[in-house]
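Q: missing the sequence, but the structure's below:
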């Protein structure tokens, strides 16, 4: 008996160690991947980002206790992250003013780490930069992390001479972020594919008459936890009902709504992991008894959306600004029989769409926004073409630009007496070849068989 107990204890310990080792290996691999990305970005991207914008020094200030958008990029939790162009192939990298409280992911990434912030005065004077970029901006959130208090402290340390040389780092930050390296692209593509599999599996497993909106959402969040990815816990990215033949709109907005046969679903979800963030959609239709496919008018509306994507895909090219790309897409779409319905993110949008009446032509609204490190279109860095984002119209599409291929197609459905607006959205990349798919795009509406409802 003692031998058996000893054997079972040994097996338990070995199993525990294997689990710990596996988790450690996974964590260590993620840590090493982020450090690889930092090194490659500093070596390959940083020189061009600074020199193309005529910046001699880039000071990024991170305040303790105030999480910064670039803390993961730099691997630093507080202090002054300073990049100085002193000629040659490499940009000098220094962190100072962190004292004893900050964390630095990999100190070997930097040339020097100095604890005292008052060193900044002589540090800058010795290098005598003509233009100093700092993280303040009136239109780019990620470039506006410098607080007023820290600005006052910074200008005091710099003195009048160098304070007059301060400019926004918005353009440097934009180029540093959007010029992607292969490890970033692979990480983002893998994240997107993982999300696709979770979303499509979740939608296919809906049991009409049993499964609620919350059931699908929390199941998906648990799938992230099972993969070692922190769930969002905001609860705002749940599947939504675009149209239901049996349920009133006043009921379908509840998270406790039970899916019913005849429901047309759109699911917009974000996943953030390893400093990358996604933002795209999937669609499903719950077949009614006797149905084998989506109703004809809905299928027609879907086909119009796929056609619009083909048209726009040809117009999205490296080298064009966001504004030029929007104009080119609109011109091409209208030539193919679509009606441009500018999406302004205001109540007026509905009026523009309603003005089409029962016109057989489909209206189209465009919001192809930047994506990549956050998933959020308002704070993410890069080109975005939509009529309500004019402040990004001047930003050029650069090679390896990650973006959200998002647009809404509004098509008249005779039997409903109204238009069906379908939001198409996938996250992909623009290379010198044009738009390339990073994972299988949204081609079909997922069909959930009526048998699922009877199997409960």
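A: Cool, got the structure. On a predicted model such as this, the values are computed, not experimentally measured, just so you know.
Q: and the residue sitting nearest the centre point of the chain, how close does it get to residue 425?
A: In the chain, the residue lying closest to the centroid (CA atoms, centre = their mean) is residue 375, at 1.9 Å. Residue 375 is 11 Å from residue 425, where distance means CB to CB, to the nearest Å. Where you see a C-beta, it was placed from the backbone N, CA and C, and this is true even at glycine.
Q: pull up the overlap in contacts between those two.
A: Taking CB atoms under 8 Å, 6 or more residues apart in numbering as the criterion, residue 375 and residue 425 both touch residue 279.
Q: for burial, what's the neighbour tally of residue 214?
A: Using other CB atoms under 10 Å, residue 214 is surrounded by 15 other residues.
Q: what do you get for residue 116?
A: Counted with other CB under 10 Å, residues neighbouring residue 116 total 10.
Q: could you do residue 194 as well?
A: Other residues within reach of residue 194, judged by other CB under 10 Å, total 18.
Q: kindly report the same for residue 60.
A: When neighbours are defined as other CB under 10 Å, residue 60 has 26 of them.
Q: change the start of the numbering to 646 and stick with it
A: Done: numbering now begins at 646, and the last item shifts to residue 705.
Q: surely residue 728 touches residue 702?
A: Yes. With contacts counted by CB atoms under 8 Å, residue 728 reaches residue 702, the gap being 6.9 Å.
Q: for the closest residue to residue 705 other than its chain neighbours, phi and psi?
A: Distances taken as CB to CB, 6 or more residues apart in numbering place residue 726 nearest to residue 705, at 4.4 Å, with adjacent residues excluded. When read as degrees, to the nearest 10, the backbone of residue 726 gives phi -90, psi 120.
Q: next: the one 4 residues further on.
A: When quoted as degrees, to the nearest 10, the phi and psi of residue 730 stand at phi -90, psi 100.
Q: any low-confidence regions in this structure?
A: 646-670, 744-747, 877-881, 990-992, 1022-1023, 1099-1101 (pLDDT under 70).
Q: try 50 this time
A: Residue ranges of the chain with pLDDT under 50: 649-669.
Q: distance of residue 925 from residue 1048?
A: 11 Å.
Q: can you list residues touching both of these two?
A: residue 1072.
Q: ok, which stretches of the stretch 896-1045 of the chain are strands?
A: For the stretch 896-1045 of the chain, the strands defined by DSSP state E, counting those that start in this stretch occupy 908-914, 917-918, 921-922, 925-931, 984-985, 1008-1011.
Q: so in that sheet, which strands flank the last one, and in what orientation?
A: Note on strand 1008-1011: by DSSP bridges, its sheet partners are strand 984-985 (parallel), strand 1046-1058 (antiparallel).
Q: centre of the chain to it, how far?
A: The gap between where strand 1008-1011 is centred and where its chain is centred comes out at 21 Å by CA atoms, centre = their mean, to the nearest Å.
Q: residues in contact with it?
A: The contact list for strand 1008-1011, computed with CB under 8 Å, 6+ apart, reads 953, 957, 971, 974-975, 978, 983-988, 994, 997-998, 1001, 1030-1032, 1051-1056, 1064.
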